[in-house]
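> my questions are about this predicted structure, shown below with the sequence.
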2 protein chains.
Amino acid sequence: MSEFQPKQERSAHTRAEILAAAQTAFARSGYESATVAEICELAGISKGAFYHHYPSKQSIYLELLHDWLADFDRGLLALRASAENVPALLRAMSASFPAIFQVAEGQLPILLDFWVQAARDPAMWEATIAPFARYYALITDLVQDGISEGSLQAVEARQTALILVSMGVGALLQGLLAEDSAQWGTVGQDGIELILHSIERKPEER
Amino acid sequence: MSEFQPKQERSAHTRAEILAAAQTAFARSGYESATVAEICELAGISKGAFYHHYPSKQSIYLELLHDWLADFDRGLLALRASAENVPALLRAMSASFPAIFQVAEGQLPILLDFWVQAARDPAMWEATIAPFARYYALITDLVQDGISEGSLQAVEARQTALILVSMGVGALLQGLLAEDSAQWGTVGQDGIELILHSIERKPEER
DNA sequence: AAATAAAAACCGACCGGTCGGTATGTTTTT
DNA sequence: AAAAACATACCGACCGGTCGGTTTTTATTT
């Protein structure tokens, strides 16, 4: 997590350095292939320093994931605040896809790795997949709100939420692996648009 | 691939044993974590026998992938033969999702692994991602056919194809990692249905 | 049909290298 | 001076792949 009272000034700086290096290393090689030595070299420190600040390789991995999820949550909250109804919010979310690609550019495998590692280690699962339940619930609530406010048809909320998430996840993952990720940014948007077209309730119909 | 003239009768049997064992091992542990020793133990043979039949760990991996893709292609061809128009075919394809989950049950990580490995090794990329271009093209043609035959609206064929594939991939991957994969089988179907609802051209409108 | 040679299949000990993590000592800050 | 930060050499486990030798099958000859 992110709150430490560093015993020394250097400490915080080194920790940040290690984290940045780890992100680079994991992105470049994936979790298993990235070595602690590689991370240390990138951070310009020694192995001793590394293990002084982190108890294990897995621990930085989890911290990186935690930070990433926190960023994601903040982004969602910001969007939610500025959208005036549910379809608009869903559109805004899908519109932020290209931005995600920008961020992820050159860090292809790391997102996939989160999944793969999660499928193996229970601790990883807890940290990676479990949060997804929150997003499912969040989108489900959103759809429910949309139905309540009359902007969406009376669809089955959870199933619809899973569909929307699937659309997003599919476009994201394929975009990560494609050569021309630019093209894929709009796929997510257009896909959500098609789905919305089927479930939206236009004002004039009310 | 699949055509060998086995020098001895035993050979083919052992090769099959190794392949089955490798599939189990990769599914259980993933590509990197699965060891050749593990595969040998599962197959009930020695390391020497393994390397007598396959030059490397990667080579069986590629053979497994190749077989998997061939199966998939056969399935697609069978569907295509029995569908009378494009929307029906797309529905049939999405309806076969639950079956895929059945097959994949308990082999969670292997599909993800194909991707992760592909992102790293050029040889893996060639074998894994490159074939996807064929499927994109196939679905694009399909959509184009649908437009021609009047069963689909005049959408942009390739973009629509990418959307359909994204929907499928997203539902598949999430289903693989979920605890109740049963639920996810229908997500793919319903998602495709929603999309079709937006792009289909009903007979009475023609 | 038996004997024999040759080739294919198989075994398991072993090698070279890697990697996460540790132990111990040195430098720097408080 | 003492505690925190850092460095370096090293350990033990693991793993893909090799190697020399043995067993089993097939082909050939007698």
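Yes, it's here. Numbering: from 1, shown residues only, chains lettered A, B, ... in the order given.
> quick one: is the longest helix seen in chain A near DNA strand C?
In chain A, assigned by DSSP state H, the helix with the most residues is helix A:57-82. Yes: Helix A:57-82 is in contact with DNA strand C by C-beta under 7 Å from any atom of the strand, via A:Lys57, A:Gln58. (Each C-beta comes from the backbone N, C-alpha and C, glycine too.)
> repeat that for stretch A:114-130.
No: judged by C-beta under 7 Å from any atom of the strand, stretch A:114-130 stays clear of DNA strand C, getting no closer than 11.5 Å.
> taking the mean pLDDT, what do you get for that stretch?
The average of the pLDDT scores along stretch A:114-130 is 80.
> now look at that stretch and say if it contacts DNA strand D.
No: residues of stretch A:114-130 are not located near DNA strand D by C-beta under 7 Å from any atom of the strand, the shortest gap being 12.5 Å.
> can you pull the buried residues of that stretch?
A:Phe114, A:Trp115, A:Val116, A:Gln117, A:Ala118, A:Ala119, A:Arg120, A:Met124, A:Trp125, A:Ala127, A:Thr128, A:Ile129 (16 or more other C-beta atoms under 10 Å in any protein chain shown).
> and it, end to end?
The first and final residues of stretch A:114-130 sit 12 Å from each other (C-alpha to C-alpha, to the nearest Å).
> element containing the residue in chain A that DNA strand D sits nearest to?
At 2.0 Å from DNA strand D, A:Gly48 is the closest residue in chain A, using C-beta to the nearest atom of the strand. A:Gly48 belongs to helix A:47-53 when elements are defined using DSSP states H and E.
> ok, A:Thr14 next?
Here A:Thr14 is assigned to helix A:9-29, by DSSP H and E.
> export that helix to PDB, keeping only CA atoms.
What follows is helix A:9-29, C-alpha atoms only, in PDB (Å, rounded to 0.1, in the frame of the first residue of the first chain):
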ATOM      1  CA  GLU A   9      14.500  10.300   3.400                       C
ATOM      2  CA  ARG A  10      16.400   8.000   1.100                       C
ATOM      3  CA  SER A  11      14.000   5.200   1.800                       C
ATOM      4  CA  ALA A  12      11.000   6.600   0.000                       C
ATOM      5  CA  HIS A  13      13.000   7.600  -3.000                       C
ATOM      6  CA  THR A  14      14.500   4.100  -3.300                       C
ATOM      7  CA  ARG A  15      11.100   2.500  -2.900                       C
ATOM      8  CA  ALA A  16       9.700   4.600  -5.700                       C
ATOM      9  CA  GLU A  17      12.700   3.700  -7.800                       C
ATOM     10  CA  ILE A  18      12.200   0.000  -7.200                       C
ATOM     11  CA  LEU A  19       8.500   0.300  -8.000                       C
ATOM     12  CA  ALA A  20       9.100   2.100 -11.300                       C
ATOM     13  CA  ALA A  21      11.800  -0.400 -12.200                       C
ATOM     14  CA  ALA A  22       9.600  -3.400 -11.300                       C
ATOM     15  CA  GLN A  23       6.800  -2.000 -13.500                       C
ATOM     16  CA  THR A  24       9.200  -1.700 -16.400                       C
ATOM     17  CA  ALA A  25      10.600  -5.100 -15.900                       C
ATOM     18  CA  PHE A  26       7.300  -6.900 -15.500                       C
ATOM     19  CA  ALA A  27       5.900  -5.100 -18.500                       C
ATOM     20  CA  ARG A  28       9.000  -6.000 -20.500                       C
ATOM     21  CA  SER A  29       9.300  -9.700 -19.500                       C
END
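> what's downstream of that helix, the next helix or strand?
Next along from helix A:9-29, by DSSP H and E: helix A:36-43.
> ok, A:Glu193 touching A:Ser94?
Yes: with contact defined as C-beta atoms under 8 Å, A:Glu193 counts as touching A:Ser94 (7.4 Å).
> neighbour count: the two, which is higher?
Between A:Glu193 and A:Ser94, A:Ser94 has the larger neighbour count (other C-beta atoms under 10 Å in any protein chain shown), namely 24 against 18.
> excluding its backbone neighbours, what's nearest the more buried one?
Spatial nearest neighbour of A:Ser94, chain neighbours left out: A:Ile192 (4.0 Å); criterion: C-beta to C-beta, 6 or more residues apart in numbering or on different chains.
> do the helix holding A:Gly48 and DNA strand C come into contact?
Yes: counting by C-beta under 7 Å from any atom of the strand, DNA strand C has neighbours in helix A:47-53: A:Lys47, A:Gly48, A:Tyr51.
> thanks a lot, catch you later.
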